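Peer 1: test case, fold it:
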Amino acid sequence: MSDKRILIVEDNADNLVLMTDVLQTLKYRLFTARDGEQGVQLAISEKPDLILMDLQLPLVDGWTATRRIKAIPELRHIPIIAVSAHAMPGDKERALEAGCDDYIPKPIKIAELRAKMLQYLTTVSDE
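Peer 2: Sure, this is the predicted structure:
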């Protein structure tokens, strides 16, 4: 099992199953949250190496959850990749402005998800 810890914040059951299935095959340690508030709390308690953040979430949306996580000094370095059905012009920029480090549009392309995760997890391990 990898020592890398991934937090997936996703309220859609199908997307959550897809991401967890893919990441479990890569042997990452996974934590899941179904809303933005739970995502922030798990980020604080588990201090993951990477966060995959849906943007449309119940209770606290992904933009707000990202801002809250990035406002905590000991969590600021954690890369957050927005994974969102928001694929209209300007949506990627809005996610980046909220503090996300990258953006993957839905429907998720497995190869793109793996490549971006590897990019950020390699950067984290090299620091």
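Peer 1: low-confidence stretches in this structure?
Peer 2: Low-confidence segments of the chain, defined by pLDDT under 70: 1, 86-87, 123-127.
Peer 1: show me the strands in it, by range?
Peer 2: 5-9, 29-33, 50-53, 80-84, 102-105 (DSSP state E).
Peer 1: most packed of those?
Peer 2: strand 50-53 (a mean of 27; mean count of other C-beta atoms under 10 Å). Just so you know, the C-beta spots here come from the backbone N, C-alpha and C atoms, and that holds for glycine as well.
Peer 1: residues contacting that strand, please?
Peer 2: 4-10, 19, 39, 43, 62, 65-66, 69, 78-83, 100, 117, 120-121, 124 (C-beta atoms under 8 Å, 6 or more residues apart in numbering).
Peer 1: show me what contacts A95?
Peer 2: 55, 62-63, 66, 82, 84, 86, 103.
Peer 1: farthest-separated two in the residues you listed?
Peer 2: Spanning the widest gap among the contacts of A95 are T66 and H86, at 13.0 Å by C-beta to C-beta.
Peer 1: those two - which one has more neighbours?
Peer 2: Taking T66 and H86 together and counting by other C-beta atoms under 10 Å, T66 has the greater number of neighbours (28 against 19).
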